[in-house]
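J.: Sequence and predicted structure are below.
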Amino acid sequence: MTPMEIELDLRDAVRSIPDYPKAGIIFRDITTLLGNARAFRRAVDELVQPWAGMKIDKVAGIEARGFILGGAVAHQVSAGFVPIRKKGKLPHKRVSMTYALEYGEDEIEVHADALVAGERVVLVDDLIATGGTAEAAIKLLRQLGAEVLAACFVIDLPELGGADRLRKLGVPVRTLISFEGH
Ligand code: AMP
């Protein structure tokens with residue numbers, strides 16, 4: 001399938017909710033895609049398609065929607081799964097990374113023993129906007145010595161520049177659907 005055919009196929013499975021969680025934001029809700037067996041399978045298959053023949057040791061997913069997609073992708077490529085969580089959720093020794101939000105900052109964490117240096121990792125989340133969250137996740141994974149093969153998202157908001165931001169870090173980016181605006 002061409003990128004255009006994949007996009008046409010998946011676009012209608014995403015629900016768009018204007019002014020959520022606040023005025024001016026269009027929330028791209030993937031629960032409708034997850035609930036559609038055919039669309040869910042296609043999204044999981046297509047997310048890592050360019051790397052499918054390569055050795056992938058781990059798939060890292062960003063809380064919370066990245067867990068659903070990343071878990072399915074990990075199973076599909078016979079890799080382990082690494083949860084990247086919001087601060088304060090992981091019980092064992094962890095490393096953390098702070099990143100800037102529009103107002104203030106946030107922090108994500110990963111277990112320090114979730115990866116062995118040199119492991120080949122693919123990062124997965126539902127959507128990339130500014131790329132701030134994914135950039136912090138890549139830095140965390142690299143801090144543990146991971147080789148980040150790619151970052152994969154179902155949805156891109158290209159006007160916010162997140163995918164380009166990750167490419168500048170030297171990480172190939174794959175996205176399946178683009179939406180205009182924020
Ligand atoms: P960012 O760090 O700006 O790339 O934001 C990415 C994170 O915020 C992802 O985990 C998304 O799930 C969430 N997010 C940002 N904007 C939206 C949006 N318009 N609709 C749904 N989720 C969003």
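T.: Received, thanks. Numbers count the residues shown, from 1 in each chain.
J.: who in the protein is up against the ligand?
T.: With Cβ under 6 Å from any ligand atom as the criterion, the chain meets the ligand at residues 25-28, 62, 65, 125-134, 162. Where C-beta positions appear, they are placed from N, C-alpha and C, glycine not excepted.
J.: Quick one: residues contacting the residue nearest the centre of the chain.
T.: For the chain, the residue nearest the mean C-alpha position is Asp125 (1.9 Å; Cα atoms, centre = their mean). By Cβ atoms under 8 Å, 6 or more residues apart in numbering, Asp125 lies in contact with 61-62, 65-66, 69-70, 133-134, 137, 151, 153.
J.: give me phi/psi at it?
T.: Main-chain torsions, Asp125, degrees, to the nearest 10: phi -150, psi 170.
J.: what about the residue located most distally from the centre of the chain, which SS state?
T.: Largest separation from the mean C-alpha position in the chain: Ala23, at 24.7 Å (Cα atoms, centre = their mean). Classification of Ala23 by DSSP: H, G, I helix; E, B strand; the rest coil places it in coil.
J.: And it, its phi and psi?
T.: Dihedral angles (degrees, to the nearest 10) for Ala23: phi -50, psi 140.
J.: a helix runs through Phe40, doesn't it?
T.: Yes - the assignment for Phe40 by three-state DSSP puts it in a helix.
J.: Number of residues surrounding the spatially closest residue to it that is not a sequence neighbour?
T.: Taking Cβ to Cβ, 6 or more residues apart in numbering, and ignoring the residues beside it in sequence, Phe40 has Leu34 as its nearest neighbour in space, at 5.4 Å. For Leu34, the neighbour count with other Cβ atoms under 10 Å is 18.
J.: Also the one 5 residues further on?
T.: By other Cβ under 10 Å, 20 other residues sit near Ala39.
J.: now the one 5 residues further on
T.: The number of residues packed around Val44, counting by other Cβ under 10 Å, is 22.
J.: That one should be in a helix, yeah?
T.: Yes - looking at Val44 with three-state DSSP, it is inside a helix.
J.: the helices in this structure, which residues?
T.: Using DSSP state H, the helices of the chain run over 3-11, 31-34, 37-47, 65-76, 132-143, 162-168.
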